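Peer 1: everything below, folded, please.
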Amino acid sequence: RMVAFGQLVVGPPGSGKSTFCSGMKQFLTSLGRKVIVVNLDPANENLPYKCEVDISELITQEDVMENLKLGPNGSLVYCMEFLEKNLEWLHAQLEKFGGHYVLFDCPGQVELFTHHNSVRSIVTQLQKWSMKVHSNSNEKEPFCQVYLFNFFFTAGSCAFGGLPLLQ
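Peer 2: From the prediction side, this is the model:
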């Protein structure tokens with residue numbers, strides 16, 4: 001049975017999720033930790049890190065847009081639904097890296113988290129596979145979720161207060 005620990009990195013497009021994953025991977029590797037990054041964003045073609053597991057090996061947003069004639073948001077929803085229906089692929093990829101700390105680089109489109117259940121279902125399945133992170137109390141809990149946002153939006157108290165509502 002697979003047991004792993006890690007972070008689910010979420011936030012709006014352009015907030016630095018991939019950059020965070022790259023930096024965190026470098027930091028953890030420098031501490032001697034075995035770490036992998038899982039790219040769950042089928043639209044992210046320019047990754048700043050070596051990707052050990054990449055959804056684009058299964059499906060890409062570009063292919064969906066071209067072949068199914070869907071727009072950007074519809075194609076992302078389709079890709080997440082496709083991953084949800086093909087979770088055995090993700091499980092097989094993750095099993096290759098037992099004992100590694102896992103960073104999940106998630107897509108940034110808020111609709112995937114607020115109006116659709118595929119990402120939630122994928123995370124629930126990851127938890128069933130014993131993907132966990134230690135809390136401060138030394139109990140095993142679900143992943144640590146890292147929420148990033150653009151600093152620009154902190155200028156006004158209304159915008160800053162509304163940011164957590166988006167995820």
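
Peer 1: all contacts plus neighbour counts: C-alpha atoms, from now on.
Peer 2: OK.

Peer 1: report how many residues lie close to Phe104.
Peer 2: Counted with other Cα atoms under 10 Å, residues neighbouring Phe104 total 24.

Peer 1: let me know the pLDDT of it.
Peer 2: Phe104 carries a pLDDT value of 95.

Peer 1: how much space between it and Val119?
Peer 2: For Phe104, the distance to Val119 (Cα to Cα, to the nearest Å) stands at 12 Å.

Peer 1: over to Lys96?
Peer 2: Distance from Lys96 to Val119, by Cα to Cα: 22 Å.

Peer 1: where along this structure do the strands fall?
Peer 2: Under the criterion DSSP state E, the chain carries strands at the ranges 5-10, 35-39, 53-54, 101-105, 133-134, 140-141, 144-147.

Peer 1: which other helices and strands contact the fourth one?
Peer 2: Right, the one you point to is strand 101-105. Secondary structure elements in contact with strand 101-105, counted by 3 or more Cα pairs under 8 Å, 6 or more residues apart in numbering; DSSP states H and E, are strand 5-10, helix 17-30, strand 35-39.

Peer 1: tell me where the protein has helices.
Peer 2: Assigned by DSSP state H, the chain shows helices spanning 17-30, 61-68, 72-85, 87-95, 111-114, 118-128, 157-166.

Peer 1: ok and the third one relative to helix 118-128, angle-wise?
Peer 2: Spelled out, that is helix 72-85. 30 degrees (axes from the mean of the first three to the mean of the last three Cα atoms, to 10 degrees).

Peer 1: just the second one next, same as before
Peer 2: The directions of helix 61-68 and helix 118-128 differ by 130 degrees, with the same axes, to 10 degrees as the criterion.

Peer 1: and the strands of the chain, which is most packed in?
Peer 2: strand 101-105 (a mean of 25; mean count of other Cα atoms under 10 Å).

Peer 1: strand partners (parallel or antiparallel) of that strand?
Peer 2: strand 5-10 (parallel), strand 35-39 (parallel) (DSSP bridges).
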